[in-house]
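>>> Return a 3D structure for these sequence lines:
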Amino acid sequence: MRPFNAVLSFLIVLLVPFANASETSKNVGILISSYGEKGRENLSYDLEELAQAYLVLHDNGVSIDLLSPKGGAVLVKNNKDQLPFIQRFKNETPALKQLANTLSSKEAIDKTYDAVLVIGGSGAMFDLSVDQATQTFLEKHVNSSKPIAAVCHGPAALVNIKKKDGSYFVANKKVNAFTNAEERAFGSDVIDDLPFLLEDKLKEHGATFVNNAPMLPYISVDGNLITAQNPGAVAQAAEVLLTKAGVDIKDRKPFKDEATLTLISKARSSGSYLIDLAVKSKPKMYDMNYMALYGFYAYGLAEDKASKLVELDIMQAIGRNFEHPVYLAKLISAEVEQGMKTKAKQNFEKFKDLYPDHEKMADLKGLFNEKAK
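Have a look, this model is predicted:
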């Protein structure tokens, strides 16, 4: 057996370096906006999207370059530093050092990447779609038929890209992005400044726009193009990109916001009881503030009665697991609007017991024609 063992040992020594090389040989360029600056942080790239995507790539052994139109240092926000994944991104990876010296789009033109990922944030609407070097870099990449992912506002970088035949790259492709409904609901501080609405521009240039309900994750895959609707879909979009680039994805624990919004998406189609089961069995896996944020806005964003009833059912399930006077007041108003008077009255009595002096009390009494004290 010794000769066999000796040969086996030799083969292991010979092959392991090649196996390790294949695992770490992929390189990905992450493109972010340079537009934001202090005082207008809302017009920059989305740091949470960047952090989640970066960590997925980093944890899968991928070499990462951070790219921006201008290059050099870019704005780094600190308003979400309490989030564990932001802390890990800033303190346990080279990301901060890279953000202090991003590679310019002009410099990136001559580099070759196995894949490119475009991060969102409103800033993408202002520079990624028009910066000449950025457009040249992206045209080179898409014409090489290598995978590209763009998340949230990130597809703005692709709306003007053309293929070798002169047609728009997004034409006749299924594309997902931050929707008009989401922009109007959550982008009120920037919408009047935007050069265009992303959903409209994608459709104008021939894309088939596909999407989920507002706030919920959705990923569209059309060939080597991966597009994601909002922050809740970013991490999985990065994984799809890596799969397209030939990387075997490692198992990971979902980010809390990702897990929360994925749960809600499943509950909308399979039943709101899933929320009760999940929150009771694995409470630490979900972010109840994100869940409540969804419940608070989704009913108002629903466009027809059937959709409103679905969202109200979800809102009620969240309300069984989350207590806040403003949320409960919103829930009561929705129940009254849908004619659920008994349920609304029960919740009103609960509100009076828990929050007798709250400023919403007068409005709620008006719903039930009670005299204000």
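>>> And the helices in the stretch 151-300 of the chain, which stretches?
180-186, 198-204, 234-244, 256-270, 273-281, 288-301 (DSSP state H, counting those that start in this stretch).
>>> hey, which of these is tucked in deepest?
helix 234-244 (a mean of 23; mean count of other C-beta atoms under 10 Å). All C-beta atoms are positioned from the backbone trio N, CA, C, and that covers glycine.
>>> Show me what that helix is packed up against.
helix 47-59, strand 115-118, strand 148-151, strand 219-222, strand 225-228, helix 256-270 (3 or more C-beta pairs under 8 Å, 6 or more residues apart in numbering; DSSP states H and E).
>>> can you list these in a markdown table and add distance to Gln236 and mean pLDDT?
Putting the helices and strands packed on helix 234-244 into a markdown table (distance: least, C-beta to C-beta, whole Å; pLDDT from 0 to 100) gives the following:
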| stretch | distance to Gln236 | mean pLDDT |
| --- | --- | --- |
| helix 47-59 | 9 | 98 |
| strand 115-118 | 12 | 98 |
| strand 148-151 | 10 | 98 |
| strand 219-222 | 6 | 98 |
| strand 225-228 | 8 | 98 |
| helix 256-270 | 7 | 96 |
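>>> can the ones you listed go into TSV with extra columns for distance to Gly36?
Conversion of the helices and strands packed on helix 234-244 to TSV gives the following (distance: least, C-beta to C-beta, whole Å):
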stretch	distance to Gly36
helix 47-59	10
strand 115-118	15
strand 148-151	17
strand 219-222	25
strand 225-228	21
helix 256-270	21
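>>> right, so of those, which gets closest to Pro94?
Nearest to Pro94 among those is helix 47-59; the distance by C-beta to C-beta comes to 8.6 Å.
>>> Report the buried residues of that closest one.
Leu47, Glu48, Glu49, Leu50, Ala51, Gln52, Ala53, Tyr54, Leu55, Val56, Leu57, His58 (16 or more other C-beta atoms under 10 Å).
>>> ditto for stretch 141-158
Result for stretch 141-158 [16+ other C-beta under 10 Å]: buried residues 141-142, 146-158.
>>> Same check on stretch 306-322?
Buried-residue list, stretch 306-322, by 16+ other C-beta under 10 Å: 308, 310-319, 321-322.
>>> Compute the distance between the closest residue to Phe126 other than its chain neighbours and Val234, please.
Nearest non-adjacent residue to Phe126, counting by C-beta to C-beta, 6 or more residues apart in numbering: Tyr35, 4.6 Å away. To Val234, Tyr35 is 19 Å away according to C-beta to C-beta, to the nearest Å.
>>> Make sure Asn176 is actually in contact with Gln229.
Yes - the criterion here is C-beta atoms under 8 Å, and Asn176 meets it with Gln229 at 5.0 Å.
>>> Common neighbours of the two, please.
Common contacts of Asn176 and Gln229 (C-beta atoms under 8 Å, 6 or more residues apart in numbering): Asn211, Tyr218, Ile219.
>>> which of these are buried?
Asn211, Tyr218, Ile219.
>>> Can I get these in JSON lines including distance to Lys26?
Formatted as JSON lines, those follow (distance: C-beta to C-beta, whole Å):
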{"residue": "Asn211", "distance to Lys26": "30"}
{"residue": "Tyr218", "distance to Lys26": "26"}
{"residue": "Ile219", "distance to Lys26": "20"}
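>>> Closest to Lys111 out of the residues you listed?
Ile219 (26.4 Å).
>>> who touches that closest one in this structure?
With C-beta under 8 Å, 6+ apart, Ile219 has these contacts: Asn176, Ile226, Thr227, Ala228, Gln229, Ala233, Gln236, Ala237, Val240.
>>> One more: Val142?
Ile148, Leu158, Ile161, Lys163, Phe169.
>>> Surely the fourth one is in contact with Phe169?
Going back to what we said before, that points to Lys163. Yes - with contact defined as C-beta under 8 Å, Lys163 reaches Phe169; the gap is 5.6 Å.
>>> So for stretch 163-178, what gets flagged as buried?
Tyr168, Phe169, Val170, Lys173, Val175, Asn176, Ala177, Phe178.
>>> same check, this time on stretch 210-224
Those would be 211-222, 224, for stretch 210-224 by 16+ other C-beta under 10 Å.
>>> gap between the two ends of it?
End-to-end distance for stretch 210-224: 16 Å, by C-alpha to C-alpha, to the nearest Å.
>>> Need the three-state assignment for Leu67.
In three-state terms, and counting by DSSP: H, G, I helix; E, B strand; the rest coil, Leu67 is strand.
>>> Any idea how many residues pack against it?
For Leu67, the neighbour count with other C-beta atoms under 10 Å is 28.
>>> Is it bridged to anything, and to what?
Counting by DSSP bridges, Leu67 forms beta bridges with Leu31, Leu103.
>>> check contacts around it.
With C-beta under 8 Å, 6+ apart, Leu67 has these contacts: Gly29, Ile30, Leu31, Ile32, Thr102, Leu103, Ser104, Ser105, Ala108, Phe137.
>>> Which of these sits closest to Ala329?
Using C-beta to C-beta, Ile32 comes nearest to Ala329 of the contacts of Leu67, at 38.9 Å.
>>> wait, doesn't the closest one sit right on Leu47?
No - here Ile32 does not reach Leu47: they are 9.2 Å apart, not a contact under C-beta under 8 Å.
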